[in-house]
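>>> let's see this in three dimensions:
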Amino acid sequence: MNSTAVTDLNSDDQVAQWRADFPILKTQVNGHPLVYLDNGATTQKPQVVIDAVSHYYENTNSNIHRGVHQLSELATEAYENGREQVRRFIGAASVKEVVFTRGTTESINLVANSWGMANLKAGDEVLVTEMEHHSNIVPWQMVTERTGALLKVVPINDAGEISLDDVRGLISDRTKMVAISQLSNALGTINPVKEVIEMAHQAGALVLVDGAQAIAHIPVDMADLDCDFYAFSGHKIFGPTGTGVLYGKEALLEAMPPWQGGGDMIRIVRFEKSTWNDLPYKFEAGTPNIAGGIGLGVALDYVSGVSLEKIAAHETELLNYASRKLQELPGLKLIGTAKHRASIASFVLDQLHAHDLGTILDSEGIAIRAGHHCAMPVMQHYGVAATARASFAFYNTFSEVDRLMDGLNKAVEMFG
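Presented below is the predicted three-dimensional model:
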């Protein structure tokens, strides 16, 4: 099957229009046109986001919230507009529920250290899955060790799926938090998070959803999902690095103590006692990534303009095509074959270490990720040290998948 067999002229034209928005996609690497298949690590940035960040630094660079001069007021307005754009994109009830962070990792650490330290005690349980990113394991390990709570793990099967029966069997009245990824960064598995949330709530537990991988591929609505916390990173959805969001239900955030102290998170500071600012600023100590927050809002509006439904449809066809082509290569094994998957194809190839494979592909201008993907328990489950991971975005094409296959065939020929 060739690339033109799975798409038509109209969709080719549409993807070409999308690609034109991303200047880096015109880059040449090692004398070849760039094929960027490392979107799970970070996505590329459209010109409108680059322009928004540049505009801030060129025209309105100033600190926010505390200034009365015009530049500060303009910067504050643009930054807070970014927060409203986030609220609208994820369907939060209020901007009070949108806390800006440096990324998913900081968002999860915030919940673990603020909510966890205030609410967990010896004998309580935190439930995670075997497929979690280290960012949704290690913070919970640290806080359970400090509080005497227990960390329990939902296993995965060899397809890279969790069983709702296993979840049901592990949740009890001792479970206080369930922390689960919506889309696995190492396997591409789409987890049944809505069903897990319902189970957890029936047992009186809260749920944090790691949306780092899902946010650019799956439409989310906080009112519909009904999770208690949702974390994602701006750079995974075409926004600037160093930006992220913690969504939290307002009542929970109100009850939680601040995690970090400093400027802007306070109302009154006295040596005897300080009091805290209103939400969401209570959790935003110090000068934030102002340009990043502005750029993130623009990125989310850009994605809304493209439509996540269109993005998901194209990426599903792309992933299905790539999976078929990969499985035609002798000696290649897909790692993660869940029924419900998105955007990610992880694999191992006989006699070739993933890092060697990544180096060979790079010589052909093809960027993939090779390693454990900050998911060592997943690697342990499959008995591998590392996988090669091709991760797709809506600007990728079927011809790029063909380029990937050409590179893999070259690698096989080189290593015999």
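>>> next, give phi and psi for the residue nearest to Gly286 when sequence neighbours are not counted.
Closest residue in space to Gly286, ignoring its immediate chain neighbours: Gly262 at 4.6 Å, by Cβ to Cβ, 6 or more residues apart in numbering. Just so you know, the C-beta spots here come from the backbone N, C-alpha and C atoms, and that holds for glycine as well. Dihedral angles phi and psi of Gly262 (degrees, to the nearest 10) take the values phi 150, psi -160.
>>> again, but for the one 3 residues further on
The phi and psi torsions at Met265 (degrees, to the nearest 10) take the values phi -100, psi 0.
>>> could you give the number of residues near it?
Other residues near Met265 come to 19 when the count uses other Cβ atoms under 10 Å.
>>> what's in contact with the helix or strand harbouring Gly82?
In this structure, Gly82 is located in helix 70-90 according to DSSP states H and E. The contact list for helix 70-90 (Cβ atoms under 8 Å, 6 or more residues apart in numbering) reads 56, 60-67, 92, 94-95, 97-98, 100, 220-222, 230, 245, 247, 280, 288, 290, 293-298, 300-301, 303-304.
>>> buried stuff in that helix?
Residues of helix 70-90 classed as buried: 72, 74-76, 78-80, 82-83, 85-87, 89-90 (neighbour count, 16 or more other Cβ atoms under 10 Å).
>>> look up how far Leu349 lies from the nearest residue to Ala322 once chain neighbours are set aside.
Leaving out its chain neighbours, the residue that sits closest to Ala322 by Cβ to Cβ, 6+ apart is Val401, at 4.7 Å. For Val401, the distance to Leu349 (Cβ to Cβ, to the nearest Å) stands at 16 Å.
>>> ok, the two, which is more surrounded?
Each of Val401 and Leu349 has its neighbours counted (other Cβ under 10 Å); Val401 has more, 25 against 21.
>>> any idea how far the residue nearest to Gly286 lies from Asn61?
Here Gly262 is placed at a distance of 21 Å from Asn61 (Cβ to Cβ).
>>> so for the two, which sits in the more crowded spot?
Relative neighbour count places Asn61 above the other of Gly262 and Asn61, with 14 against 11, counting by other Cβ under 10 Å.
>>> quick one, what contacts the more buried one?
Counting by Cβ under 8 Å, 6+ apart, Asn61 makes contact with Leu71, Ala75.
>>> ok, the one 4 residues further on next?
By Cβ under 8 Å, 6+ apart, the contact list for His65 reads Ser72, Thr76, Asp264, Tyr281.
>>> pretty sure the last one is touching Asp264, no?
Right, Tyr281. Yes: the pair Tyr281 / Asp264 is scored as a contact, 5.7 Å apart, by Cβ atoms under 8 Å.
>>> tell me which of those two has more neighbours.
Tyr281 (19 against 16).
>>> for that one, list the residues it contacts.
Applying Cβ under 8 Å, 6+ apart, we find Tyr281 in contact with His65, Asp264, Met265.
>>> let's see the pLDDT reported for Arg66.
Note for Arg66: predicted pLDDT of 83.
>>> just Glu161 next, same as before
Predicted confidence (pLDDT) for Glu161: 98.
>>> swap in Gly416?
Confidence per residue is given as pLDDT, and for Gly416 that number is 64.
>>> again with Arg174
On the pLDDT scale, Arg174 gets 98.
>>> how about the spatially closest residue to it that is not a sequence neighbour, phi and psi?
Spatial nearest neighbour of Arg174, chain neighbours left out: Glu125 (4.6 Å); criterion: Cβ to Cβ, 6+ apart. Glu125 adopts backbone torsions of phi -130, psi 140, taken as degrees, to the nearest 10.
>>> who's in contact with Glu125?
By Cβ under 8 Å, 6+ apart, the contact list for Glu125 reads Ala149, Leu150, Leu151, Lys152, Ser172, Arg174, Thr175, Lys176.
>>> out of those, which is nearest to His372?
Out of those, the one with the shortest distance to His372 is Leu151. That distance is 19.7 Å, counting by Cβ to Cβ.
>>> surely that closest one touches Pro139?
No: proximity of Leu151 to Pro139 does not meet the contact threshold set by Cβ under 8 Å, at 10.6 Å.
>>> who has more neighbours out of those two?
Neighbours were counted for Leu151 and for Pro139 using other Cβ under 10 Å; Pro139 has more, 23 against 16.
>>> ok, for that one, nearest residue in space, not its chain neighbours?
Take Pro139 and drop its neighbours on the chain: the residue closest to it by Cβ to Cβ, 6+ apart is Ala112, 3.9 Å away.
>>> check Tyr57 too.
Leaving aside its sequence neighbours, Tyr57 sits nearest to Ala291 (Cβ to Cβ, 6+ apart; 6.1 Å).
>>> and for Ser399, the neighbour number?
A count of neighbours around Ser399, defined by other Cβ under 10 Å, yields 15.
>>> coming back round to it: and which of the contacts of Tyr281 is nearest Arg341?
Using Cβ to Cβ, Met265 is the member of the contacts of Tyr281 that lies nearest Arg341, at 39.9 Å.
>>> which residues touch that closest one?
Contact analysis of Met265 by Cβ under 8 Å, 6+ apart lists Pro258, Trp276, Asn277, Tyr281, Lys282, Phe283, Glu284, Ala285.
>>> wait, His133 sits on Ser181?
Yes: with the criterion set as Cβ under 8 Å, His133 and Ser181 qualify as a contacting pair; they are 6.5 Å apart.
>>> between those two, which one's more packed in?
Of the pair His133 and Ser181, Ser181 is the one with more neighbours under other Cβ under 10 Å, namely 29 against 21.
>>> could you measure from the more buried one over to Gly305?
When Cβ to Cβ is applied, the distance between Ser181 and Gly305 equals 27 Å.
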